[in-house]
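Asks: structure for the following, please:
(one chain, ligands or ions: 2)
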Amino acid sequence: MEDNFELITETDTEIDKEPAALADEAGSRRAILVSAYSKKDEDEATVSLEELKRLLETANGTLEGVVTQVREKPDGRTFIGKGKMAELSDMIRATGAEVVIFDTELSPVQIKIIEDELDGAVSVIDRSMLILDIFAAHATSAEGRLQVELAQLKYTAPRLMGKGRQMSRLGGGIGTRGPGESKLEIDRRRMKSRIKSLEDAIERVAAVRATQRSSRERGGIPCCAVVGYTNAGKSTLLNKLTDANILSEDKLFATLDPTTRQYVLPSGKKILLTDTVGFIRNLPHHLISSFKSTLDEAVFADVLIIVCDASDENLPSQMEVTRNTLSELGAVAKPTLVVFNKCDALRDEGQLMTLKRLSSGADEKCVFISALTGEGVEDFSSSLEELIRGGKREITLNLSHAESGVLSTVYKICENVSVEYNENGMTVKALADSKSAGQLKRYVTGYDEMFPTVD
Ligand SMILES: Nc1nc2c(ncn2[C@@H]2O[C@H](COP(=O)(O)OP(=O)(O)OP(=O)(O)O)[C@@H](O)[C@H]2O)c(=O)[nH]1
Ligand SMILES: [Mg+2]
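Replies: Ligands and ions are numbered 1, 2, ... in the order given. Model (predicted):
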């Protein structure tokens with residue numbers, strides 16, 4: 001399948017940038033996780049906390065303890081109540097934890113109050129700051145780094161303001177990989193101008209992407225964005241199809257930079273597949289906006305391939321997060337193929353049957369595969385082909401010189417029109433839906449084999 005593989009997009013672009021402190025210094029740090037939730041949100045909070053543990057693992061942190069509290073409303077100042085703060089303080093002393101991670105979005109003021117109440121013994125961060133630490137470690141392209149730095153300046157920096165000395169003493173790891181100690185000291189005016197220059201640089205990269213996209217569009221090659229919850233197997237699928245050689249591992253957010261590869265469908269039709277950054281629950285709105293230029297890949301794709309982990313017990317909520325994020329991005333109303341991946345890891349055949357039954361009424365085409373073993377990948381490819389054609393088929397028309405006026409109708413109601421002139425007139429090939437094919441019926445001399453004529 002060697003011919004299938006061709007690098008299309010080079011995401012690295014030379015951009016004038018200040019070096020962000022993105023050094024990969026994620027030395028293992030001892031952490032305590034904190035979660036507070038109302039009784040009715042318990043299930044969602046439990047899933048979120050489990051995920052926070054995986055995020056910590058991905059960031060090379062060590063879990064020293066967990067503090068949870070059920071309360072109707074979080075404490076406005078410290079998120080958890082007084083008694084729980086005392087418990088947390090004891091746990092920090094007993095374990096020697098260096099960082100406390102709250103499974104929520106904390107305001108800069110809350111972070112300051114909590115750290116002060118904990119006698120400045122630890123750094124306090126929230127879920128999004130941890131995610132940004134991971135993003136910072138995984139960003140490899142210039143665009144990825146720009147986006148991470150922008151998000152850090154907008155989100156992390158205000159939360160770490162004025163803690164430059166403390167940060168530098170800690171010397172790296174979770175909660176310290178902000179835009180750099182020196183940057184934390186810079187005044188707000190400089191920060192504003194840095195944010196502006198990052199936004200400008202990202203806009204320039206976005207413009208390059210837009211040009212690439214429109215040149216692809218001009219070439220008529222359909223673009224398919226592979227999207228879905230983090231760790232669902234998006235990169236593994238792309239690797240399986242195209243030997244893309246993208247890092248895929250059992251970690252959250254292994255992929256940050258989009259990678260596009262060409263793939264040849266069973267009929268010989270070329271398409272582009274783009275691997276994208278995964279989604280996750282509870283990601284603040286403005287954080288997503290920093291990654292807009294990357295996520296535009298999904299917004300402007302012709303087709304969405306939603307990959308989900310069929311073996312994950314949280315499949316329904318992961319699907320919901322994926323769909324909500326896509327609609328937040330405006331990537332909706334596109335032909336969509338839903339890929340239930342990791343079917344090899346299902347408990348038994350019964351589970352697969354249940355999934356198939358549940359999805360049989362879905363509006364979208366669903367396929368069941370294992371990107372790891374390759375099972376179902378052929379079904380994936382032909383289903384994708386069908387989707388891309390959108391029920392359209394290639395028709396061939398032979399027009400005499402006298403009938404050449406029909407050509408303008410073909411251009412009007414069909415796509416991908418190609419014309420070959422000969423001594424009798426012309427042979428026209430075009431992609432037509434059934435209505436258009438019907439309208440041109442008397443001139444049609446052939447239909448393609450993949451999609452035989454249907455009345
Ligand atoms: N059992 C099984 N494991 C799989 C399958 N597909 C992927 N995996 C594993 O799932 C983990 C995540 O795979 P990735 O391809 O990195 O997932 P991703 O969706 O690209 O994840 P991010 O880039 O982190 O968002 C890896 O350990 C893969 O080996 C599958 O079909 N079956
Ligand atoms: Mg990936």
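Asks: select the longest helix from this protein.
Replies: Secondary structure of the chain read by DSSP state H shows that its longest helix is helix 188-218.
Asks: avg pLDDT for that one?
Replies: Summarised as a single mean, pLDDT over helix 188-218 is 81.
Asks: what do you get for stretch 358-374?
Replies: 90.
Asks: which residue ranges of the stretch 201-350 of the chain form strands?
Replies: With strands called from DSSP state E, counting those that start in this stretch, the stretch 201-350 of the chain shows them at 223-228, 259-264, 270-275, 303-309, 336-341.
Asks: let me know which of those strands is the nearest to ligand 1.
Replies: strand 336-341 (4.9 Å; CB to the nearest ligand atom). Quick note: C-beta positions are derived from backbone N, CA and C, even for glycine.
Asks: contacts for the closest one?
Replies: Contacting residues not belonging to strand 336-341 are listed as 228, 232-233, 236-237, 303-310, 355, 359, 362, 364-371, 380, 383-384, 387 [CB atoms under 8 Å, 6 or more residues apart in numbering].
Asks: now swap in stretch 306-323 and tell me
Replies: By CB under 8 Å, 6+ apart, stretch 306-323 touches 44, 47, 226-229, 231-234, 237, 279-281, 326, 336-343, 345-346, 352, 355, 368, 371.
Asks: what about ligand 1: which of the residues you listed touch it?
Replies: Among these, the ones lying near ligand 1 by CB under 6 Å from any ligand atom are Asn231, Ala232, Gly233, Lys234, Asn341, Lys342, Ala345, Ala371.
Asks: so what's the residue count around the fifth one?
Replies: Residues lying near Asn341 (other CB atoms under 10 Å) number 26.
Asks: quick check: the gap between Leu88 and Arg77.
Replies: 14 Å (CB to CB, to the nearest Å).
Asks: more neighbours: which of these two?
Replies: Between Leu88 and Arg77, counted using other CB under 10 Å, the more crowded position is Leu88 (24 against 14).
Asks: what's the average pLDDT for the helix or strand that contains the more buried one?
Replies: According to DSSP states H and E, Leu88 maps onto helix 82-95. Averaging pLDDT along helix 82-95 gives 96.
Asks: ignoring the adjacent residues along the chain, who's closest to Glu364?
Replies: Thr336 (4.7 Å; CB to CB, 6 or more residues apart in numbering).
Asks: what about the closest residue to ligand 2 within the stretch 301-450 of the chain, distance to Ile114?
Replies: In the stretch 301-450 of the chain, the residue found nearest to ligand 2 is Val307; the distance is 9.5 Å by CB to the ion. Distance, Val307 to Ile114, using CB to CB: 38 Å.
Asks: pLDDT score assigned to the residue nearest to Asn231 when sequence neighbours are not counted?
Replies: Excluding its sequence neighbours, the residue lying closest to Asn231 (CB to CB, 6+ apart) is Leu252, at 5.7 Å. As predicted, Leu252 sits at a pLDDT of 86.
Asks: Leu252 touches Val277, doesn't it?
Replies: No: in this structure, Leu252 is not within contact of Val277 by CB atoms under 8 Å, at 10.7 Å.
Asks: joint contacts of these two?
Replies: The contact lists of Leu252 and Val277 share Thr230, where a contact means CB under 8 Å, 6+ apart.
Asks: settle it for me: which of those two has more neighbours?
Replies: Between Leu252 and Val277, counted using other CB under 10 Å, Val277 has the larger neighbour count: 25 against 20.
Asks: now do the contacts for the more buried one.
Replies: Thr230, Phe253, Thr255, Leu256, Asp257, Pro258, Phe291, Thr294, Leu295.
Asks: OK, contacts around the residue lying closest to the first one once chain neighbours are set aside?
Replies: The spatial neighbour of Thr230 that comes closest, neighbours along the chain excluded (CB to CB, 6+ apart), is Gly278 at 2.9 Å. With contact set as CB under 8 Å, 6+ apart, Gly278 has these partners: Gly228, Tyr229, Thr230, Asn231, Ala232, Lys234, Leu252, Phe253, Thr255.
Asks: can I get those residues in TSV including distance to Val34?
Replies: Output for the contacts of Gly278, formatted as TSV (distance: CB to CB, whole Å):
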residue	distance to Val34
Gly228	29
Tyr229	24
Thr230	22
Asn231	23
Ala232	28
Lys234	31
Leu252	19
Phe253	22
Thr255	29
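Asks: which strand residues bridge the closest residue to Glu87 other than its chain neighbours?
Replies: The shortest distance from Glu87 to any non-neighbouring residue, by CB to CB, 6+ apart, is to Val67 (6.0 Å). Using DSSP bridges, the bridge partners assigned to Val67 are Val34.
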